[in-house]
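>>> the amino acid sequence is not available; the structure is as follows:
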């Protein structure tokens, strides 16, 4: 699975941790920025970059990190084809993919630590959309909003 990860200054250290950890686990991981720590950077810049990488097919899923995860989530969901959610527990991380077709995981580095992050990320990455009529029907209604 190809991944793209992005973070502003609030998520920079957690992103560095995830890049190393996921690469060691055999994932192909693209760093969508910020590539250097900049206390004055803005989460939309890196959120947009990660989402563009995913929409263009350069990644299967994206992980975006800011201080709370909220700003990154709001920005990501403005982009056509993106279904992002803040998840700070493993149930939401896999259920969001399985039932709702979530393709972007947003994390708050000031909310969770590395061990919980690993659990959440693995739940997100191991989940697949469940092809049941009710989930397909709901996802199609969400896709209509992109038009």
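That came through fine. Just so it is clear, the structure is predicted and the values come from calculations on it, not from any experiment.
>>> quick one, strands of the protein?
2-7, 28-31, 61-66, 84-86, 104-108 (DSSP state E).
>>> adding mean neighbour count, distance to residue 46 and mean pLDDT, write those out as TSV.
Placement of C-beta: from N, CA and C, glycine included. Shown next, in TSV, are the strands of the chain (neighbours: other C-beta atoms under 10 Å; distance: least, C-beta to C-beta, whole Å; pLDDT from 0 to 100):
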stretch	mean neighbour count	distance to residue 46	mean pLDDT
strand 2-7	26	4	98
strand 28-31	18	10	97
strand 61-66	29	7	98
strand 84-86	22	13	98
strand 104-108	27	12	98
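>>> looking at those strands, which is nearest to residue 138?
Proximity to residue 138 (C-beta to C-beta) singles out strand 84-86 among these, at 14.2 Å.
>>> what's the span of stretch 2-21, first residue to last?
14 Å (C-alpha to C-alpha, to the nearest Å).
>>> before we move on, the earlier item: of the strands of the chain, which approaches residue 132 most closely?
The minimum distance between residue 132 and those falls on strand 84-86, with 19.5 Å, by C-beta to C-beta.
>>> need the strands of the chain in CSV (columns: distance to residue 131).
CSV is the format used below for the strands of the chain (distance: least, C-beta to C-beta, whole Å):
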stretch, distance to residue 131
strand 2-7, 22
strand 28-31, 25
strand 61-66, 18
strand 84-86, 20
strand 104-108, 20
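>>> quick one: which of the ones you listed is nearest residue 115?
Nearest to residue 115, of all the strands of the chain, is strand 104-108, at 13.0 Å by C-beta to C-beta.
>>> not counting the closest one itself, show me its contacts.
With contact meaning C-beta atoms under 8 Å, 6 or more residues apart in numbering, strand 104-108 is reached by 10-11, 14, 50-51, 54, 61-70, 72-73, 76, 82-88, 93, 96, 117, 120-121, 124.
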